[in-house]
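# Just need the structure, nothing else, for what follows:
(one chain, ligands or ions: 2)
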Amino acid sequence: MIQERVQVRYNTIECSGYYRMGLTCHSDYRRAKPGQFVMLRVVDGMNPLLRRPFSIHRLIRSSAGAVEGLEILYKVVGTGTERLADCRRGDGLNLLGPLGRPFSLPERPAQVFIAAGGIGVAPMYFLTETLQKKGFDISSCVVFIGGRSKDDLLCMNDFFAIGVKTVNITTDDGTAGEQDVVTGPIERAVKEGRPDVIYACGPLPMLRATARMARRYDIPCQISIETMMGCGIGACLGCAVSAAGGGDKYLHACVDGPVFNAADIDL
Ligand SMILES: Cc1cc2nc3c(=O)[nH]c(=O)nc-3n(C[C@H](O)[C@H](O)[C@H](O)COP(=O)(O)OP(=O)(O)OC[C@H]3O[C@@H](n4cnc5c(N)ncnc54)[C@H](O)[C@@H]3O)c2cc1C
Ligand code: FES
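Ligands and ions are numbered 1, 2, ... in the order given. Alright, predicted model coming up:
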């Protein structure tokens, strides 16, 4: 884990309310894994005081392959993300990372389903790119992207660009793709051919529905959850999630997650 002052390399609008920010970072981020996150804060001033968590969307490499930076994809929802959106190239930010438990990759060739709801797509590109770099047959990987509206659908072409052949799109309002929740086409695809694993990130209702479906069909399912986080390192106890099985056992999303086996937590 490294705490450093980093510089903004770029900060561009992806679509209304969504930004893509490139940051310089320590070369040790070459060890960062998909599903891990960083805690980020605007350096000047005290508002907001706390860092905010963001998934690593991808690593930025030199032409020789050395890690020179990382990219985050973010949605503006409040003070912290508004301040991030105001950042310009060369501005300084305080970065802590890489943090948290990553996705576990399959040990052998596998049929993989990747499900992303809204900004939940952020860690899924890094996951897919890593699978591709590790030699998995990415053309058999099926990606499901859902959003409230067409403006909430991100990264479709990025998945195609690295070799994914099937990207299913759903929107709540029907402005793009099928009008459905993202779990609709996932369940239909499961009925046609059961995958070896489902990876999912998105809003809680989507994760809940995905986890229930995976349990019904007995499919291993890993989910990345986005709780509120104060510290990101296990010190503030602000990110507790209930462990499965009832009782009063809690897990901490920042150190035990953010990626969990869906069966291990009570959603
Ligand atoms: C491990 C992890 C990875 C994340 N990765 C990304 C990412 O890649 N891109 C991205 O855009 N966001 C991501 N988030 C969510 C992001 O951290 C929050 O949107 C951000 O902290 C909001 O800060 P803010 O100061 O702008 O908003 P605040 O002023 O803190 O909050 C504004 C509103 O958003 C709600 N809110 C804040 N944080 C969350 C949250 N985590 N879940 C649900 N509602 C929330 C608040 O209740 C409030 O209503 C991630 C969260 C976690 C825990
Ligand atoms: S965010 Fe502080 S303990 Fe998890």
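# burial of the residue in the chain positioned nearest to ligand 1, as a residue count?
Nearest residue of the chain to ligand 1, counting by Cβ to the nearest ligand atom: residue 78, 2.2 Å away. For every residue, glycine as well, the C-beta is placed using N, CA and C. Counted by other Cβ atoms under 10 Å, the residues lying close to residue 78 total 9.
# Distance of it relative to residue 10?
22 Å (Cβ to Cβ, to the nearest Å).
# I'd like the distance between the residue of the chain closest to ligand 1 and ligand 2.
17 Å (Cβ to the nearest ligand atom, to the nearest Å).
# Three-state assignment for residue 209, please.
helix (DSSP: H, G, I helix; E, B strand; the rest coil).
# Model confidence score at the closest residue to residue 211 other than its chain neighbours, please.
Excluding the flanking residues, the one nearest residue 211 by Cβ to Cβ, 6 or more residues apart in numbering is residue 262, at 3.7 Å. For residue 262, the pLDDT comes out at 97.
# and what of residue 48?
pLDDT at residue 48 comes out at 68.
# again, but for residue 59
pLDDT recorded at residue 59 is 97.
# swap in residue 23?
Taking residue 23 on its own, its pLDDT is 98.
# Output the contacting helices and strands for the helix or strand containing it.
Using DSSP states H and E, residue 23 sits within strand 18-24. Packing partners of strand 18-24 (3 or more Cβ pairs under 8 Å, 6 or more residues apart in numbering; DSSP states H and E): strand 2-15, strand 67-75, helix 79-85.
# helices and strands around the longest one, which ones?
Spelled out, it's strand 2-15. Contacts defined by 3+ Cβ pairs under 8 Å, 6+ apart place strand 2-15 against strand 18-24, strand 92-99.
# Compare those strands and give me the one nearest ligand 2.
Among the helices and strands packed on strand 2-15, strand 92-99 comes nearest to ligand 2, with 9.3 Å by Cβ to the nearest ligand atom.
# Alright, calling it a day.
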